[in-house]
Each structure stands twice: as structure tokens, then as C-alpha cells.
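Participant: no letters, just coordinates:
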């Protein structure tokens, strides 16, 4: 009995001794490190507007955290989005000066690197790079600091190009908690390396728990985190974990009880070394284990369901966003040329401010189409303002350059601008002021003083007259043309033909059936039919069980359409050549009107068939898709990511609505021929069978009564829509078919400017 009590006493003393040791003591049995990131997620616009953010959420975020800094010396807070800091500076200068002191001390961490916490599936490669350029540029100018991470706690899936974009911008890490909402590939690891489309990789923390999480115990003793640290360490050699806590979605600060427990945890006596860190200190967390062999994941991290409706919701935002990305880029290229050769002062600040003004609207509840209607009054105003500004900068640049060009003309002088980096023969469409109408026949001379094909379209009334030219403009360059009256039209070469049921050029013969659907596209050069069935617009049931604007259900996508756009079509030949032919088809369904103009050009511009669509849409609980059944079946389709491409298979319950930028391609398994679908403002696609690609056009979801708090989404996108998609066939794969260049030409047309001879 005496031996038993002696043994028990020794065990008790040993246990007490272990518990008395601090985790910070070098002799403590520490199993690993838990880095804790305090944050306050702020939706710049969501169920409120930017005005609420400025008046309520921005000051609360600063002032509530200032209180915590005064109480808890150990507390570190991370907050992303240079745009929010710009708002602080503009509206709350006194608080902003106090903020700068905390940033200098390293207690308030600027993180995320970008202009705002944006969606990453729809913004272009150019736009995402500029987020880093302007976001961290602002941080360096204002605070002498920059962040090294992409911090997106709340975002709707993450594309394959994102690690590559981050690496090219010098960023080192990425974190999100959103994959817990339903990743299409699961969660590959807690902390590891995510590899992008070009092989570049970035550190990633993919399971940091909710950003609204609270701390209610001593984390140094937390058995859940101890187990995760051990699992991470045993498998990779990195005995560490990364965790969020805080509040959202209206900014503010973590609750003081959580911060108090964080302080206790940092000084705790458990086996976990707890540290309060900045979001981008993931780099140091990993660097502490230089011999670690982290797990790697190569591929995209899309959501299965949540967010897939965002590729289509609020169509106007998608259209204006892409137009802004392209026009701002075109204006900047022209401004460089005008500065170098035309003596124009380069508008550095104006261009940066203009980009920033629409970049912040790429926020993940803004561009994605999940904010309230009142928010889009601000968004649309900014998008249109930026388009006007870019047009102004472009006009100023071309005006300066025109003085350096030989614009001598016997008629009206015209300067054409090509923003793309390829020599470009293409059709340019020019609006003609009806106060100075053109004659019905003109003669147009190119830079070499030789006549080019031209075509006057429309009567000189109501400002509707247009001029078409078969032009050629050098890479990222300019060309001068002379537009003169003429008594005789240029004799066409006979390649173009049009009737109420068909169009034809040197490359394609297009047949339209009685229902108004394109039933056949025959490639005359390659002797191939592109379509296995008519192109049809499908009307699908669309009533997600939750998150209506955000989601599209697999159960709805796999069902046959409720109906097709059909009715009694009206056919009208609009253009007769010699530059282009066009056929207009108008159809109705219920109260909606669908007008499609099919265009086919001569020359090099005839490589693609354009479908210019105007839709007056009044369908409820309905998803509209354009279905292309092709003669090039393949389980794998290729999708444009802006930076690189990705191949995806036929729809599965895990991946059935996917994003792409300007094009998608279905090349036959044999690899000898393929068909590409291009578009000018759509992002949602699916591949329901090996021979079918579908482009999602409009998403107006039904809303269940239990989701009445987002009831406004049941009427989203009712009204007028304008969008274009195009089709091209090609020998070999999409590379041999020059599909990216054809899509770029569709998206960035040649621009024309009347000038003085």
C-alpha cells in the first residue's frame, strides 16, 4: 500500500510540473504552432450599399479595433482591400492617422494585396494583376508596407490561373475558408502548395475555419487543433496550423471575449504554441520548418453549387465589366503611343483612378450579382462613368497621334485603331453622324491609296447610318483611310450570299430552319458539318433551394428543358454585302422577345459566324441556355481562363456549371477537327454530353418563401439584354484554329475616329 501511494505522489508531482511549464518555455513539450488570424470580414456591397459601408462599417472597423489594441497588446488584426483604406483616408482623416500608427507598429496588418476582396473567376488576367499593382501600390505609398498574400475568406470558388497570377505578382500565400461550403474537389490539404496553370505555386491555407469564429477556451490545450497539427506534421514535417477568428460581414472587430481568450492562449501552458499573426504570416509559419515536404495540389478549386449562379447573375455587370477591362486597356496602349510619338502627357493618375473605380466593383458580391438592387445603382453608375472616361482618354490619344499620321484625303479622313497585338485584317463598323450623312455609295482608300471594300448600311435618318469597311490595321497600331463619295459601288467578289433562310461566304454555308434555329453550319474549306442538331435556346426550370442568385441546381440542369425559344419567327435580311451579310430573326416566348442577327463577313473576318442577340426577358424561375450540339464529340472540353486554359469533363454532380472567359472549345477525340464557341460578356458554361456545349445566358431564379430576405433576386435580369456569341470551326485543336485570337477580335473590335485631313 505504501508503494502505491508513493507512486501516485510521484505521478501527481510530475503532471503538475508539466502543467506549470509555459508553452513559450524552451523546455515545454510543444507539439507545434497555431497561427491565429483575427479579422473582420466586410462586404463592400451586399444587402446594403457602399453608402452604408462608408457611413457605418468603415468607422466601426477602425474604432472598435482601436479599443482592442488599447486593451490587448498581443492582438494582431488583418484587414484587406486598398479601396477600403482609400475610403478611410477620404472620409475619416483623423482615425486614418491613428490607424497609420498601428500599422507602423505591426498590430494592424494590411493584407490581401488587392484593391478589394474580389471574385477571381470572372475578372480578366489583366484586371487581377492590376489589383495587385494598385492595391499594394497604395499600401506602399501610404504605409511603407505591402502584403504578400491573397486573402479571400469569402469568395465563390478559385480558378486554376490564380496561383500563377499570384506568383507573377510576387505574392507568396493564399487563404480561404470558403471550400468548406462545398468544394468540387474537396479540400486537398490544411496547409500546402497550390500549383497553377503554368506550374507556378503558392502557399495555401485551405481549412482555417470560419472567419466569424469565436474563441471560448485556451487554444494551447485545444485537442482538435492539436490533432490537426499532428496530422499535418506527421504527413509533411510541418507541425503547424492556421486559423481565422473574427466577425463579418459588416466589418467591425472580433468580440473582446475572443481576444481575451487569445491573450490567455498565447500565454497558455498547453502543448500548442499559439501566436497572433497577420494573414500573410503563413510564410513565416511554413519557413519555420525548412525541411517540410508539403502536399501539392494542381488544378482548380471551384465550388460545386454555391456561387455557380454568380457566373450569370446581373448580366449588365458582366457586360460592362468586360467592356471596361478591354476599353481601359485599349486606352492605356493608345496613351503610351501618344506619349511617345504625339507629345501627349501620359495620364498616369487618371488611368489608375479609372481602373480602380471599376476594379472595386469586382468585389465578390458585386460583379457576381448577389447584392441588392439599390447597390447596383452605384455599380452601374461607376461602370458607365469609367467607360466614358476610357473613351475620353482613347479619343485624346488618337487625336494626338492623328497629327503624326498622313491623313490627307479628298473626302473625309478616318483613323482606325487596333489595340490587339497582331496585324489585323477585319471588318470595322463606323457610326456616321446623320447631320453629315454619307451618300449611299462611297469609295474608301486605304493607307496604300488602294480602294477597299466598303458598305453603307441604313438610311441617313435618325442617326442610324453605318459604314462597314474591310480594313487592315497593324499590331497595336493605327491606319488612315480616305472616305469619298462615289457614283458606283465596288463590285463584290461573289463570296457573300444571303436569303431569309441562309447565309454564305467563302468559308461557311449557314442554313436556318422554319423555327428560326440554325440547323446547319457547313465548313466549305474543310468539308465538315459543324452541327449535329440545330442550335437551340433552352428554357430550364430555375428555383434553387437556397441562395437563389448564387446557385444553380444540378437537379435542374440535368432535366430536359421546360421549353425552347421558338414560336412563329420573323425573318429579315438586313445587310447584303459586299463587306458583310446579315439576317435578322425575331421570335417570342410568353412575354419575352428574342432577336438574333446572324452576321457573316467576307475576307479574313469571315473565319467566324457572329450571333448578335437582343433579348427582352420576362421569364420567372427560368434559366436560359444556348445549346450547341456539335459533330466533334469528346468527353473533354477546353475552356479559356484568360491566363491559360483548362480541360474539364462531361457534367458530374460535383462539377456541372463552370466558368470560362471568352471561349470554350470541343475538339473531336481524333484531334482532326474542332468547334469553338466565343462570346463577348458571358461566363457560365456546361458540358452535358460528349457532343454538347451550353453557354448560360440569363439566370432569373425562383425564391422560396423561407428565403424571402433575398426576394428581390426573383426579378433579377428582367428587362433588356444585349450579347454576342460566335462560332468557328478549325482543323486540329484550338491552337491550330487560332481560337484565342478570333475571340480577342470579337471582344475588341477595331475603333474608328473621324479626323481632319
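Facilitator: Thanks, I have it. The shown structure was predicted, so the numbers you read here are calculated from the model rather than taken from an experiment.
Participant: tell me where the model's unsure across the stretch 151-300 of the chain.
Facilitator: Counting by pLDDT under 70, the stretch 151-300 of the chain has no low-confidence residues at all.
Participant: which strands or helices does the helix or strand hosting residue 103 pack on?
Facilitator: In this structure, residue 103 sits in helix 93-105 according to DSSP states H and E. Contacts defined by 3 or more C-beta pairs under 8 Å, 6 or more residues apart in numbering; DSSP states H and E place helix 93-105 against helix 58-71, helix 82-91, strand 108-111, helix 125-143. (Each C-beta comes from the backbone N, C-alpha and C, glycine too.)
Participant: show me which helix runs longest in this structure.
Facilitator: Of all the segments of type helix in the chain, defined by DSSP state H, the longest one is helix 373-402.
Participant: what's around the residue nearest to residue 406 when sequence neighbours are not counted, how many residues?
Facilitator: Closest residue in space to residue 406, ignoring its immediate chain neighbours: residue 480 at 6.0 Å, by C-beta to C-beta, 6 or more residues apart in numbering. Other residues near residue 480 come to 19 when the count uses other C-beta atoms under 10 Å.
Participant: quick one: residue 480 and residue 469, what's the gap?
Facilitator: According to C-beta to C-beta, to the nearest Å, residue 480 stands 12 Å off from residue 469.
Participant: what do the two both touch?
Facilitator: residue 416 (C-beta atoms under 8 Å, 6 or more residues apart in numbering).
Participant: for the residue lying closest to residue 172 once chain neighbours are set aside, what are its contacts?
Facilitator: Excluding the flanking residues, the one nearest residue 172 by C-beta to C-beta, 6+ apart is residue 148, at 4.3 Å. For residue 148, the contact set (C-beta under 8 Å, 6+ apart) comprises 113, 170, 171, 172, 173, 280, 283.
Participant: now the strands for the stretch 551-700 of the chain?
Facilitator: Remark: strands assigned in the stretch 551-700 of the chain by DSSP state E, counting those that start in this stretch are 563-564, 570-576, 580-589, 592-601, 609-617, 622-629, 637-640, 645-648, 658-659, 663-667, 673-679, 684-689, 692-700.
Participant: including distance to residue 378, could those go into CSV?
Facilitator: What follows is the strands of the stretch 551-700 of the chain, written out as CSV (distance: least, C-beta to C-beta, whole Å):
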stretch, distance to residue 378
strand 563-564, 36
strand 570-576, 37
strand 580-589, 33
strand 592-601, 28
strand 609-617, 23
strand 622-629, 27
strand 637-640, 30
strand 645-648, 34
strand 658-659, 25
strand 663-667, 31
strand 673-679, 27
strand 684-689, 25
strand 692-700, 22
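Participant: dump the ones you listed to JSON lines, plus mean pLDDT and distance to residue 494.
Facilitator: Below are the strands of the stretch 551-700 of the chain laid out as JSON lines (pLDDT from 0 to 100; distance: least, C-beta to C-beta, whole Å):
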{"stretch": "strand 563-564", "mean pLDDT": "98", "distance to residue 494": "36"}
{"stretch": "strand 570-576", "mean pLDDT": "96", "distance to residue 494": "13"}
{"stretch": "strand 580-589", "mean pLDDT": "98", "distance to residue 494": "12"}
{"stretch": "strand 592-601", "mean pLDDT": "98", "distance to residue 494": "14"}
{"stretch": "strand 609-617", "mean pLDDT": "98", "distance to residue 494": "19"}
{"stretch": "strand 622-629", "mean pLDDT": "98", "distance to residue 494": "30"}
{"stretch": "strand 637-640", "mean pLDDT": "98", "distance to residue 494": "35"}
{"stretch": "strand 645-648", "mean pLDDT": "98", "distance to residue 494": "38"}
{"stretch": "strand 658-659", "mean pLDDT": "98", "distance to residue 494": "43"}
{"stretch": "strand 663-667", "mean pLDDT": "99", "distance to residue 494": "31"}
{"stretch": "strand 673-679", "mean pLDDT": "98", "distance to residue 494": "27"}
{"stretch": "strand 684-689", "mean pLDDT": "98", "distance to residue 494": "38"}
{"stretch": "strand 692-700", "mean pLDDT": "98", "distance to residue 494": "33"}
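Participant: what would these look like in a markdown table with distance to residue 107 and mean neighbour count?
Facilitator: Converted to a markdown table, these look like this (distance: least, C-beta to C-beta, whole Å; neighbours: other C-beta atoms under 10 Å):
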| stretch | distance to residue 107 | mean neighbour count |
| --- | --- | --- |
| strand 563-564 | 60 | 15 |
| strand 570-576 | 65 | 15 |
| strand 580-589 | 59 | 21 |
| strand 592-601 | 56 | 22 |
| strand 609-617 | 51 | 19 |
| strand 622-629 | 48 | 23 |
| strand 637-640 | 43 | 23 |
| strand 645-648 | 41 | 18 |
| strand 658-659 | 38 | 26 |
| strand 663-667 | 47 | 26 |
| strand 673-679 | 47 | 26 |
| strand 684-689 | 42 | 21 |
| strand 692-700 | 43 | 24 |
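Participant: re the thing from before, ok, now which ones touch the residue nearest to residue 406?
Facilitator: Counting by C-beta under 8 Å, 6+ apart, residue 480 has contacts 402, 405, 406, 407, 409, 413, 414, 415, 416, 447.
Participant: list phi and psi for the fourth one.
Facilitator: By that I understand residue 407. Backbone torsions for residue 407, taken as degrees, to the nearest 10, come to phi -110, psi 20.
Participant: next one: the second one
Facilitator: The phi/psi pair for residue 405 (degrees, to the nearest 10) reads phi -100, psi 160.
Participant: what's the closest of the strands of the stretch 551-700 of the chain to residue 505?
Facilitator: Minimum separation from residue 505 across the strands of the stretch 551-700 of the chain (C-beta to C-beta) falls at strand 592-601, 4.8 Å.
Participant: now that closest one, how far from the centre of its chain.
Facilitator: A distance of 26 Å separates the centroid of the chain from that of strand 592-601, by C-alpha atoms, centre = their mean, to the nearest Å.
Participant: got the contact list for it?
Facilitator: Contacts for strand 592-601 (C-beta under 8 Å, 6+ apart): 427, 470, 496, 498, 503-505, 508, 510, 512, 516, 518, 537, 565, 574-575, 579-588, 606, 609-619.
Participant: which non-adjacent residue is nearest the residue nearest the centre of the chain?
Facilitator: Central residue of the chain (C-alpha atoms, centre = their mean): residue 122, 1.4 Å from the mean position. The shortest distance from residue 122 to any non-neighbouring residue, by C-beta to C-beta, 6+ apart, is to residue 683 (5.1 Å).
Participant: pull up the gap between that neighbour and residue 726, please.
Facilitator: Distance from residue 683 to residue 726, counting by C-beta to C-beta: 16 Å.
Participant: what's the answer for residue 364, then?
Facilitator: Distance from residue 364 to residue 726, counting by C-beta to C-beta: 29 Å.
Participant: just want the angle from the strand ranked longest in the chain to strand 692-700.
Facilitator: The longest strand of the chain (DSSP state E) is strand 719-731. Going by axes from the mean of the first three to the mean of the last three C-alpha atoms, to 10 degrees, strand 719-731 is angled at 170 degrees with respect to strand 692-700.
Participant: elements contacting strand 719-731?
Facilitator: Secondary-structure packing of strand 719-731 (3+ C-beta pairs under 8 Å, 6+ apart): helix 315-341, strand 518-523, strand 609-617, strand 673-679, strand 692-700, helix 739-747.
Participant: so which of those comes closest to residue 662?
Facilitator: Closest to residue 662 of these is helix 739-747 (C-beta to C-beta; 4.0 Å).
Participant: next, the buried residues of that closest one.
Facilitator: By neighbour count on 16 or more other C-beta atoms under 10 Å, the buried set for helix 739-747 is 739, 740, 742, 743, 744, 745, 746, 747.
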